[in-house]
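Participant: Everything below, folded, please.
(chains A and B)
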Protein chains: 2
Amino acid sequence: MAGKPVVTACLIVIGNEILSGRTRDANLQYLGRALNALGIRLAQARVIPDDEETIVATVNECRAAFDYVFTTGGIGPTHDDITAACVARAFGVDLARDPRAEAMLRQHYRPEDVNAARLKMADVPAGATLIENPVSKAPGFQLDNVFVLPGVPRIMQAMFEGIKHRLAGGQMVLSVAVAAYIAEGVMAEKLDRLQGTYTDIEIGSYPFVRDGRLGVSVVLRGAEAGRLDAAADDLRALIRSLGAEPVEDRKT
Amino acid sequence: MAGKPVVTACLIVIGNEILSGRTRDANLQYLGRALNALGIRLAQARVIPDDEETIVATVNECRAAFDYVFTTGGIGPTHDDITAACVARAFGVDLARDPRAEAMLRQHYRPEDVNAARLKMADVPAGATLIENPVSKAPGFQLDNVFVLPGVPRIMQAMFEGIKHRLAGGQMVLSVAVAAYIAEGVMAEKLDRLQGTYTDIEIGSYPFVRDGRLGVSVVLRGAEAGRLDAAADDLRALIRSLGAEPVEDRKT
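Facilitator: Modelled structure (predicted):
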């Protein structure tokens, strides 16, 4: 397991409705977890408006900086769905009607319901590979390391399931969470020393209030199960040394 | 109202726990709405890890590109709370203990509970103005156009309430939403023409499924109430011309 490269991904959430607060994004959390399970680290996310220049610049910046880029949103039939055209422009290729995508749409709609706006959903950048949509048929697409998905979470998730096999994972990140009803500030100095001892483990500290009681959840993340177990044992001892009990263990 | 400048903001969400999917961000939606009510447009959001180089680079890029920058996360007492140090580095200033912040913390904790880790929360970049925390006392701070806030939504929101008066809003964006039980693809071509007629109105189209029925919510956003009303009237007529009824109106 050790020695495998760290594989990174970036999510670009495209949509004015997310930035205005009208809609609460759900794709970031889903993708963070789903990628993690494949050994891919979601290293950054951008939420950007339906603006051509911004989309093109962001896609080009991110596809150069991360192993994989996922976009969500902006691939429907209306005038504000500009993601496919922007990705084509980012890659410097033409947007062209894909015959297979067109056939999928024509099979899905009654002949009298096929119109120019709906057929627009069959336009993808030249050289792209389709991503099938088991829910509402309008496909997404992959171009190089960029995967273009819809914004509706249920459809996005169904389509992501279908492309998992195209993704090459790297070093798996394992995690252990240990919680205690203790104030974060009481534990901080000892936790800092624990981090100094385990430089290969990423230690995150997250305060919470549950049933009116203040506590902290400490999440240990690392590549080697043995090291993680050792760090978790030391963390439990640390908590007990402060007069508290480790009350929760969640291993993934 | 027209003629006022467009004022933009960027949110930087700092936290590995958001990217791993462990925690679902709630601050983006809150801030998008709250800024909108002040005449400030949330123009972009970044979600980045607890990594010094990334935080410094992102703060510097965003504070140059947007009128206001808000950060959430990473200002607690533990070793992984590095936001204040990173913002100081981004501005090229020292991180220094703020006597007023230290006094707030010493007043909040019993003397025996004051420790070095907790006092770290009184360290802010030189020249920063404190942002008071009515919930748990550890302050945030403002440096130039950058506002540093905590990640816990309840505390972040309470602190944001206290800094609203420091923000200069620009052109207010008004919006009207009209929904209809009609497929997005049926309305798309006429909606595109409506957008062509009202180039000063931003028209967004958002499909939904409610009670098993497919519909679309069309959101009109613009600066002038009269133009917005005219566009909304035309939109309602458009919906009726397709044999459907406009079923919802939400004005803000």
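
Participant: Name the nearest residue to the residue nearest to the spatial centre of chain A, ignoring sequence neighbours.
Facilitator: The C-alpha lying nearest the average C-alpha coordinate of chain A belongs to residue A:31 (Cα atoms, centre = their mean; 3.1 Å). Excluding the flanking residues, the one nearest residue A:31 by Cβ to Cβ, 6 or more residues apart in numbering or on different chains is residue A:11, at 5.5 Å. Where C-beta positions appear, they are placed from N, C-alpha and C, glycine not excepted.

Participant: who's in contact with the one you found?
Facilitator: Counting by Cβ atoms under 8 Å, 6 or more residues apart in numbering or on different chains, residue A:11 makes contact with A:27, A:28, A:31, A:42, A:44, A:45, A:46, A:69, A:70, A:71, A:72.

Participant: One more pass at 7 Å, please.
Facilitator: Counting by Cβ atoms under 7 Å, 6 or more residues apart in numbering or on different chains, residue A:11 makes contact with A:27, A:28, A:31, A:42, A:45, A:70.

Participant: So which of those residues are in helices?
Facilitator: A:27, A:28, A:31 (DSSP state H).

Participant: quick one: the last one from residue A:163, how far?
Facilitator: Translated: residue A:31. 12 Å (Cβ to Cβ, to the nearest Å).

Participant: next one: the first one
Facilitator: In this structure, residue A:27 and residue A:163 are 14 Å apart, going by Cβ to Cβ.

Participant: When the two are compared, which one has more neighbours?
Facilitator: Comparing residue A:27 with residue A:163 by other Cβ atoms under 10 Å in any protein chain shown, the one with more neighbours is residue A:27, at 24 against 16.

Participant: tell me the contacts of that one?
Facilitator: With contact set as Cβ under 7 Å, 6+ apart, residue A:27 has these partners: A:11, A:13, A:72, A:153, A:156.

Participant: quick one, what contacts residue A:125?
Facilitator: A:84, A:87, A:88, A:91, A:93, A:95, A:143.

Participant: for chain A, what spans make up the strands?
Facilitator: For chain A, the strands defined by DSSP state E cover A:7-14, A:40-48, A:68-72, A:95-97, A:123-125, A:129-131, A:140-143, A:146-149, A:174-180, A:202-210, A:213-222, A:248-251.

Participant: what's near enough to touch residue A:13?
Facilitator: So residue A:13 contacts A:25, A:27, A:28, A:45, A:46, A:47, A:72, A:73 (Cβ under 7 Å, 6+ apart).

Participant: So what does residue A:80 have for phi and psi?
Facilitator: Main-chain torsions, residue A:80, degrees, to the nearest 10: phi -90, psi 0.

Participant: could you check the distance from the closest residue to residue A:201 other than its chain neighbours over to chain B?
Facilitator: In space, and not counting its chain neighbours, residue A:201 is closest to residue A:222: 4.2 Å by Cβ to Cβ, 6+ apart. Distance from residue A:222 to chain B, counting by Cβ to the nearest Cβ, to the nearest Å: 13 Å.

Participant: List the buried residues of stretch A:176-190.
Facilitator: Neighbour counts over stretch A:176-190 (16 or more other Cβ atoms under 10 Å in any protein chain shown) mark A:176-180, A:182-190 as buried.

Participant: Now tell me what touches that stretch from outside.
Facilitator: Residues outside stretch A:176-190 that contact it (Cβ under 7 Å, 6+ apart): A:205, A:207, A:213-220, A:228, A:232, A:235-236, A:238-239, A:242, A:244-251, B:76-78, B:115-118.

Participant: If we use 6 Å, what do you get?
Facilitator: Stretch A:176-190 is contacted from outside by A:205, A:207, A:213-220, A:228, A:232, A:235, A:238-239, A:242, A:244, A:246-248, A:250-251, B:76-78, B:117-118, using Cβ atoms under 6 Å, 6 or more residues apart in numbering or on different chains.

Participant: which among those end up buried?
Facilitator: For the contacts of stretch A:176-190, a neighbour count by 16+ other Cβ under 10 Å gives the buried set as A:205, A:207, A:215-220, A:228, A:232, A:235, A:238-239, A:244, A:246, B:76-78, B:117-118.

Participant: Next one: residue A:245 from residue A:236, what distance?
Facilitator: 9 Å.

Participant: Domains in chain A, by residue range?
Facilitator: A:7-166, A:174-251 (automatic domain parsing).

Participant: Residues of chain A that sit close to chain B?
Facilitator: Residues of chain A lying close to chain B (Cβ under 6 Å from any Cβ of the partner chain) are A:16-17, A:19-21, A:24, A:29, A:32-33, A:42, A:44-48, A:76-80, A:117-118, A:184-185, A:188-189, A:191-192, A:195, A:204-206.

Participant: Which residue, other than its chain neighbours, is closest to residue A:88?
Facilitator: Leaving out its chain neighbours, the residue that sits closest to residue A:88 by Cβ to Cβ, 6+ apart is residue A:125, at 3.7 Å.

Participant: Bridged to that neighbour, which residues?
Facilitator: For residue A:125, the beta-bridge partners are residue A:95 (DSSP bridges).

Participant: Repeat that for the one 4 residues further on.
Facilitator: Counting by DSSP bridges, residue A:129 forms beta bridges with residue A:142.

Participant: can I assume residue A:23 is in contact with residue A:17?
Facilitator: Yes: counting by Cβ atoms under 6 Å, residue A:23 touches residue A:17, with 4.4 Å between them.

Participant: hmm, back to that, top of the contacts of residue A:125 by neighbour count?
Facilitator: These, ranked by neighbours (other Cβ under 10 Å): first place residue A:87, 28 neighbours.

Participant: wait, what's in contact with that residue?
Facilitator: A:59, A:125, A:148.

Participant: can we see that at 8 Å?
Facilitator: By Cβ under 8 Å, 6+ apart, the neighbours of residue A:87 are A:55, A:59, A:71, A:125, A:143, A:146, A:148.

Participant: Could you tell me how far it is located from chain B?
Facilitator: Going from residue A:87 to chain B by Cβ to the nearest Cβ gives 18 Å.

Participant: now swap in residue A:112 and tell me
Facilitator: Distance of residue A:112 to chain B, given as Cβ to the nearest Cβ: 11 Å.

Participant: Quick check, pLDDT for that residue.
Facilitator: We have a pLDDT of 93 for residue A:112.

Participant: For it, give me its contacts.
Facilitator: Counting by Cβ under 8 Å, 6+ apart, residue A:112 has no contacts.

Participant: what sits up against the longest helix anywhere in chain A?
Facilitator: Ranked by residue count under DSSP H, the longest helix found in chain A is helix A:225-241. With Cβ under 8 Å, 6+ apart as the test, helix A:225-241 has contacts from A:174-176, A:178, A:180, A:182, A:187, A:190-191, A:194, A:197-198, A:200-201, A:203, A:218, A:220-222, A:245-246, A:249.

Participant: Name the spans of the stretch 151-252 of chain A whose pLDDT lies under the cut-off.
Facilitator: Applying pLDDT under 70 to the stretch 151-252 of chain A flags residues A:249-252.

Participant: likewise the stretch 1-150 of chain A?
Facilitator: Confidence mapping of the stretch 1-150 of chain A against pLDDT under 70 gives the ranges A:1-3.

Participant: can we see that at 90?
Facilitator: Scanning the stretch 1-150 of chain A with the threshold set as pLDDT under 90 gives A:1-5, A:136.

Participant: Hmm, residue A:4 is touching residue A:170, no?
Facilitator: Yes: Residue A:4 lies in contact with residue A:170 (Cβ atoms under 8 Å); the separation is 4.9 Å.
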